[in-house]
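> fold the following.
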Amino acid sequence: MNHFIMYRKRYKIYERADPQKHYLKNWRIVRYWAKAKHDLTTAELDMLLYLYGEKLFTREDCMNFGKLMSWDKQRFGKLLKSGWIHKWRNNGPNQKALYEVTYKTRRFIDSLYKKLNGQEKISEEPRNNPIFKKRNSTDKIYQTAIQKFNDEVDDKED
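Alright, predicted model coming up:
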């Protein structure tokens with residue numbers, strides 16, 4: 001008489017809730033696009049994101065936040081000259097000059113957030129997106145990632 005022992009496979013049941021917020025899922029792709037489109041460094045982009053949340057700020061405020069980044073003495077001047085920030089009030093007796101982000105910056109950061117939320121696609125037109133001008137092999141990799149990102153945004157809209 002043959003005895004067969006049957007083993008029962010045991011499966012673990014995993015319960016996983018989909019994350020409600022995953023804004024940063026595509027951060028790398030959106031950041032690469034933002035830097036390429038607007039000729040910004042990572043530190044400049046970080047600074048703009050910080051300043052976007054500030055209503056009015058002083059040069060000292062920027063310098064204090066800038067201590068968290070690589071040293072760049074010209075960063076504030078470059079952002080001012082490039083039109084990302086502008087002087088709101090001149091300095092005077094017993095008051096410091098105050099600055100604010102420009103309309104250009106507000107539109108740009110709003111666009112970043114819309115992209116991260118999946119509400120807006122990244123342009124695939126070479127005249128609007130320098131990544132699609134095939135500058136180097138990294139751009140080719142990001143072109144594929146952007147196309148996949150845009151497909152996800154299209155799926156989300158449906």
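
> and stretch 89-103, what's buried?
Across stretch 89-103, burial judged by 16 or more other C-beta atoms under 10 Å covers Leu98, Tyr99, Glu100, Val101, Thr102. Where you see a C-beta, it was placed from the backbone N, CA and C, and this is true even at glycine.

> other SSEs contacting the lengthiest helix in the chain?
Across the chain, the longest stretch assigned as helix under DSSP state H is helix 137-157. With contacts defined as 3 or more C-beta pairs under 8 Å, 6 or more residues apart in numbering; DSSP states H and E, the secondary structure elements packing on helix 137-157 are helix 27-38.

> just give me how far the helix it packs on sits from the chain centre.
The gap between where helix 27-38 is centred and where its chain is centred comes out at 6 Å by C-alpha atoms, centre = their mean, to the nearest Å.

> show me what contacts the residue lying closest to Thr42 once chain neighbours are set aside?
Nearest residue to Thr42, sequence neighbours excluded (C-beta to C-beta, 6 or more residues apart in numbering): Lys35, at 6.8 Å. Residues near Lys35 by C-beta atoms under 8 Å, 6 or more residues apart in numbering: Thr41, Thr42, Leu45.

> which of the residues you listed count as buried?
Burial by neighbour count, 16+ other C-beta under 10 Å: within the contacts of Lys35 this picks out Leu45.

> list the contacts of stretch 74-83.
Residues outside stretch 74-83 that contact it (C-beta under 8 Å, 6+ apart) are 43-44, 47-48, 59, 62-63, 66, 69, 85-87, 99, 102, 104.

> highest neighbour count among the residues you listed?
Ranked by neighbour count under the definition other C-beta atoms under 10 Å, those are headed by Met47 with 24 neighbours.

> quick check, that residue in contact with Gly66.
Yes: here Met47 reaches Gly66: they are 6.7 Å apart, a contact under C-beta atoms under 8 Å.

> ok, Leu40 touching Leu48?
Yes: taking C-beta under 8 Å as the definition, Leu40 is a contact partner of Leu48 at 7.5 Å.

> with just CA atoms, put stretch 53-64 into PDB.
Extracted in PDB, the C-alpha atoms of stretch 53-64 (Å, rounded to 0.1, in the frame of the first residue of the first chain):
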ATOM      1  CA  GLY A  53       6.200  79.100  -0.500                       C
ATOM      2  CA  GLU A  54       7.500  82.400   0.900                       C
ATOM      3  CA  LYS A  55       5.500  85.500   0.300                       C
ATOM      4  CA  LEU A  56       8.200  88.100   0.800                       C
ATOM      5  CA  PHE A  57      11.800  87.300   1.700                       C
ATOM      6  CA  THR A  58      15.200  89.000   2.200                       C
ATOM      7  CA  ARG A  59      18.500  88.200   0.500                       C
ATOM      8  CA  GLU A  60      19.500  86.800   3.900                       C
ATOM      9  CA  ASP A  61      16.600  84.400   3.900                       C
ATOM     10  CA  CYS A  62      17.900  83.000   0.500                       C
ATOM     11  CA  MET A  63      21.400  82.800   1.800                       C
ATOM     12  CA  ASN A  64      20.300  80.900   4.900                       C
END
